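Chemist: Build me a structure from this.
(2 chains)
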Amino acid sequence: SAVISQKPSRDICQRGTSLTIQCQVDSQVTMMFWYRQQPGQSLTLIATANQGSEATYESGFVIDKFPISRPNLTFSTLTVSNMSPEDSSIYLCSVAGTGANEKLFFGSGTQLSVL
Amino acid sequence: QKEVEQDPGPLSVPEGAIVSLNCTYSNSAFQYFMWYRQYSRKGPELLMYTYSSGNKEDGRFTAQVDKSSKYISLFIRDSQPSDSATYLCAMSEGNNRLAFGKGNQVVVIP
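Modeler: Residues are numbered from 1 along each chain as shown, chains lettered A, B, ... in the order given. Predicted coordinates:
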């Protein structure tokens, strides 16, 4: 298992501003994943972050809107840029278990509200 | 048609009852099937993990996979108030991409 610390846990932001979410893992991991969880919707993968390379974004998500950093094997950040009320959601960081990429461990999430 | 269908309707049961949850899917390439439990203001935690078809039991929890029908189930026996949470099904082809259901909110009433 992995222990994932994510912060902030919640924030209320103004339209047009940006928020950076931090994710710290207690062990070195190759891949980190960023998900979005909107009310009444399925958990949706935003991007996969590998250390030392550009993040891989899923369809519908772009780097300009959701820039990601992965400076080392235990840390990543996701920035939500130029926010609008539609960005109000829970954002989750996750990592895969050793030897089983389908066994994901999640942080507690960041509850973002955009006014 | 969405890849994974999960009826999100809240489910309320009395303590001690059996909780039955299910998901259907359309992608026949899915090989890995998971159930996650998510408490309020927390991230999802892996509850059950199954590869291919069959049953898996872990304490009060049983996961069933029927690949021929593209249908998976989770049963919770002797439900407890601490089982009150949202349960998410998830599936994967084994390519690091998981497809999630919308989640089922379960309330166990003491």
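Chemist: Flag the shaky bits of the chain, pLDDT-wise.
Modeler: Reading this off chain A. Within chain A, the segments meeting pLDDT under 70 span A:98-101.
Chemist: try chain B instead
Modeler: Residues of chain B that meet the criterion pLDDT under 70 lie in B:1.
Chemist: got the residues of chain B near chain A?
Modeler: When proximity is defined by C-beta under 8 Å from any C-beta of the partner chain, chain B lies next to chain A at B:2, B:4, B:8, B:32, B:34, B:41-46, B:49, B:88, B:90, B:92, B:94, B:96-103. Glycine gets a C-beta too; all of them are placed from N, C-alpha and C.
Chemist: Give me the buried subset of the residues you listed.
Modeler: Neighbour-count burial (16 or more other C-beta atoms under 10 Å in any protein chain shown) is assigned, among these, to B:4, B:32, B:34, B:43-44, B:46, B:49, B:88, B:90, B:92, B:98-103.
Chemist: What about those residues, which are in helices?
Modeler: Counting by DSSP state H, no part of those is found in helices.
Chemist: tell me which of these is nearest to chain A?
Modeler: B:G43 (3.2 Å; C-beta to the nearest C-beta).
Chemist: Could you tell me which residues make contact with the residue nearest to that closest one when sequence neighbours are not counted?
Modeler: Distances taken as C-beta to C-beta, 6 or more residues apart in numbering or on different chains place A:F106 nearest to B:G43, at 3.2 Å, with adjacent residues excluded. Contact analysis of A:F106 by C-beta atoms under 8 Å, 6 or more residues apart in numbering or on different chains lists A:I4, A:Y35, A:L92, A:C93, A:S94, B:G43, B:P44, B:E45.
Chemist: one more time with 6 Å, if that's ok
Modeler: Taking C-beta atoms under 6 Å, 6 or more residues apart in numbering or on different chains, we find A:F106 in contact with A:L92, A:S94, B:G43, B:P44.
Chemist: separation between it and A:I12?
Modeler: Remark: distance between A:F106 and A:I12 (C-beta to C-beta, to the nearest Å) = 22 Å.
Chemist: cool, and B:C23?
Modeler: Here the criterion is C-beta to C-beta. By it, B:C23 lies 34 Å from A:I12.
Chemist: How about A:R36?
Modeler: Noted for A:R36: a distance of 17 Å to A:I12, by C-beta to C-beta.
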